[in-house]
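**Student:** no letters, just coordinates:
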């Protein structure tokens, strides 16, 4: 069953068309890749999906809700969570707090009951705390929970950012270059990690990634963008043999 | 773990009881000058905390605090002033009829002052909180100035540049001994409120916005709503602080609420550590006392029969220099983002198990 | 109804004030363009310029032209010192720290000025060449009112020449476009920033001296209001954009004079206009009239 669908979305900045007439479809529990050379419009596409930009044309549907004009925080609430190309953690806060914060929007307690600590607020707080600890446990960061986020090594920061996104209880997780800056060993671990997430959290994943080994190893299906236009779609082996893709990546002589 | 929690609860209650006893003793032993300084410290604690909530915890650089204080101070002064006193104040142009006979008891007037400042905060926040960093700073500064200019010109409501004189003493019974309880009572309430707010899920959301707005939004935090909350709460407390300040001094006029006043509070917050409640409290007391102590710099000092001529303005030079040194070499201030906690004390006094 | 003469008088006054605002606004816009920093001390640099000229003429008995040149040079040096001591150490600090430093240095200068120059207003001795009053068709206007726009135009022409035609000007443009890349291209960014502060301070000093001849009362806090208004002018025009600053300065100066002229009952609110204007611009045209809107990259 389809969980996410874009309907001919287009993004223009003045005269420049960054993405044009893009159609993406993601099934439940599917891992989908979005690839393409630098400047192909991949991150713009993510920014449209998450409400950072509003698509100039076209519609975006998530779980049959039109989210084209929705605000970023509402989109997250509906169940799309993201990570960033250049890690954006809450640097000065602890690892645990980074994850706990992601639960704030589902708190459903107003500020007054939070300040006077009503029994129901305390109960929720306790639940969030336990849930966050469990999440950290499942991603292997539990022993670092009281460290400052900025003090973690790079690979673990990436992992924490994914954990933080997972804490919002998404149905669709979008990862912007999760393997960027990782060595082959770390990339390998990441691939296992992503598959594990899908299994444990029962969600779909859309990822931008340049690291071909990771994309081909993890994604079941992928979309290839070039100059904002979709040039190919299919499973890894189809993409690998698609002449248009080869041309886009290697150029023609 | 549970035991530790109960100990901390007891310690908190103990600390508040101790503070009350201390206040009682201070009230007996302080002369009127010392009392005034001590009360001023309390007011600056409230003001520093209110600004720190906005600047330090949410990371919005707001410079309009003096404006909110003015709203609070004028509201409280007008609501508590007797009709006779009003007639004496408004000799240039009579006071607006609807204001003439309003007379509320101090407590309710104080709450109304806070609410009026909060409304001002909401009205200002709605447009400007969409702005960022320096634009927000200059827009809030602008609003602070606009409020001041309006108050200078609305002769029949604020008495214009003449200001208001003869503000009632703080409290219900017109007794000097009452003010310490009001001011420091509100200080304790404010501290408890801030600690609980910052320790709550909302406090975490505030800090998340400070750390990275874009990431916070992506985590489902409604930026505008949370910024607005902090801004309005900050304005409310600033209004209360402004009202107390006005009634402590006894006279108010628009010039009192210049940018300089905001600067003093920024100074306190920065020295204490932006993002630390403990820091603001300690720093407010130190700065207020130091400001008074350094008054000698402005006046003449006599040492061993020699008169050293004081230089008017020297005091503020020292403070500006102090701020510069802190911001250049010691950016975290007194406490950084750290807080006082019983855990540290307990750890220190408990023999370690190793 | 206002007579034609009075209207012309207001118009000339407005243009004159607008030219002054423009001159000072350029300093804000140049610094902001390069450092993304509101130089809160700019208004105080302006104030220092007037005091330097004052003391050069009164205490050192220098002829006015020598006094003005010395004042301008001193102010320029002072501006560069401020940059070096208060801003340079914070180059990699969070924006809020730099802003607090800017406010701090502004207060420091103001209070130092109170201590050194005294809090009481001083009367600026206006050289006759500038102070003489001429009579045009029944309108009596001081020379300085006409001289100000001329000086502004000359300064602006020199400035644009420096920015567009010289090597340092090119470096300035490069740094304001992309700070990091300029550094990588081997531009001495610190030097460029120093020069920018120097030029901004020179313009502030020129503006200050002319201001003093127009409104000949010196006070240590005299720079605050013009400073804020000129910053607003820079924002209105599109901060970082020199032409924008000039346009913003003229808009602000003219509208301030004309609004008060046509609606005298609002004169008490004179100082609030600029801020209302600022907030409206920020809300509806955040990039200003000439600026571009930049959204943070995600």
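**Tutor:** It's in. Predicted, not measured: the structure shown is a model, and the values here were computed from it.

**Student:** in this structure residue A:136 contacts residue A:99, no?
**Tutor:** Yes: in this structure residue A:136 lies within contact range of residue A:99 using CB atoms under 8 Å: 6.2 Å. (C-beta placed from N, C-alpha, C; glycine too.)

**Student:** once you drop chain neighbours, what's closest to the residue in the stretch 201-350 of chain B that chain A sits nearest to?
**Tutor:** Nearest residue of the stretch 201-350 of chain B to chain A, counting by CB to the nearest CB: residue B:220, 3.4 Å away. Counting by CB to CB, 6 or more residues apart in numbering or on different chains, residue B:220 lies nearest to residue A:105, which is 3.4 Å off, once chain neighbours are set aside.

**Student:** just confirm that neighbour is within a helix.
**Tutor:** Yes: counting by DSSP: H, G, I helix; E, B strand; the rest coil, residue A:105 is found in a helix.

**Student:** number of residues surrounding it?
**Tutor:** Burial of residue A:105 is recorded as 19 neighbouring residues (other CB atoms under 10 Å in any protein chain shown).

**Student:** just give me how far the helix or strand harbouring residue B:217 sits from the chain centre.
**Tutor:** Per DSSP states H and E: residue B:217 is located in helix B:213-218. Put simply, helix B:213-218 sits 29 Å off its chain's centre (CA atoms, centre = their mean, to the nearest Å).

**Student:** now do it: which elements does it pack against?
**Tutor:** The contact analysis (3 or more CB pairs under 8 Å, 6 or more residues apart in numbering or on different chains; DSSP states H and E) places helix B:213-218 against helix A:72-78, helix B:201-211, helix B:223-249.

**Student:** using a markdown table, lay out the ones you listed together with mean neighbour count.
**Tutor:** Shown next, in a markdown table, are the helices and strands packed on helix B:213-218 (neighbours: other CB atoms under 10 Å in any protein chain shown):
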| stretch | mean neighbour count |
| --- | --- |
| helix A:72-78 | 20 |
| helix B:201-211 | 23 |
| helix B:223-249 | 25 |
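
**Student:** tell me who's in contact with residue B:332.
**Tutor:** residue B:273 (CB atoms under 8 Å, 6 or more residues apart in numbering or on different chains).

**Student:** I'd say the residue nearest to residue B:220 and residue B:217 touch.
**Tutor:** No: using CB under 8 Å, residue A:105 is not in contact with residue B:217, being 10.4 Å away.

**Student:** identify the contacts common to these two.
**Tutor:** Joint contacts of residue A:105 and residue B:217 (CB under 8 Å, 6+ apart) are A:73, A:76.

**Student:** just to revisit the earlier point, between the helices and strands packed on helix B:213-218, which one is closest to residue A:150.
**Tutor:** In terms of CB to CB, the element of the helices and strands packed on helix B:213-218 nearest to residue A:150 is helix B:201-211, at 9.8 Å.

**Student:** give me the angle between that closest one and helix B:223-249.
**Tutor:** 100 degrees (axes from the mean of the first three to the mean of the last three CA atoms, to 10 degrees).

**Student:** helix B:201-211 - contacts with which helices or strands?
**Tutor:** If you count contacts as 3+ CB pairs under 8 Å, 6+ apart, helix B:201-211 packs onto helix A:95-101, helix A:111-116, helix B:179-198, helix B:213-218, helix B:223-249.

**Student:** list, one by one, the residues from chain A near chain B.
**Tutor:** A:50, A:52, A:71-73, A:76-77, A:81-82, A:84, A:88-93, A:97, A:100-107, A:109, A:111, A:114-117, A:121, A:125, A:128, A:164-165, A:168 (CB under 8 Å from any CB of the partner chain).

**Student:** one more time with 7 Å, if that's ok
**Tutor:** A:50, A:72-73, A:76-77, A:82, A:84, A:88, A:90-93, A:97, A:100-102, A:104-105, A:107, A:111, A:114-115, A:117, A:125, A:164, A:168 (CB under 7 Å from any CB of the partner chain).

**Student:** count of residues packed around the residue in the stretch 151-253 of chain A that chain B sits nearest to?
**Tutor:** Of all residues in the stretch 151-253 of chain A, residue A:168 sits closest to chain B, at 5.7 Å by CB to the nearest CB. Residue A:168 is flanked by 23 other residues according to other CB under 10 Å.

**Student:** returning to that earlier point: closest one to residue B:8 among the helices and strands packed on helix B:213-218?
**Tutor:** Checked against CB to CB, the stretch from the helices and strands packed on helix B:213-218 lying closest is helix B:201-211, at 17.7 Å.

**Student:** quick one: contacts of the closest one?
**Tutor:** Applying CB atoms under 7 Å, 6 or more residues apart in numbering or on different chains, the contact partners of helix B:201-211 are A:90-93, A:97, A:100-101, A:104, A:107, A:111, A:114, A:125, B:57-59, B:197, B:216, B:219, B:221, B:223, B:226-227, B:230.

**Student:** what is the orientation angle of it with helix B:179-198?
**Tutor:** Using the same axes, to 10 degrees: helix B:201-211 against helix B:179-198 is 80 degrees.

**Student:** backbone dihedrals for residue C:139, please?
**Tutor:** phi -100, psi 130 (degrees, to the nearest 10).
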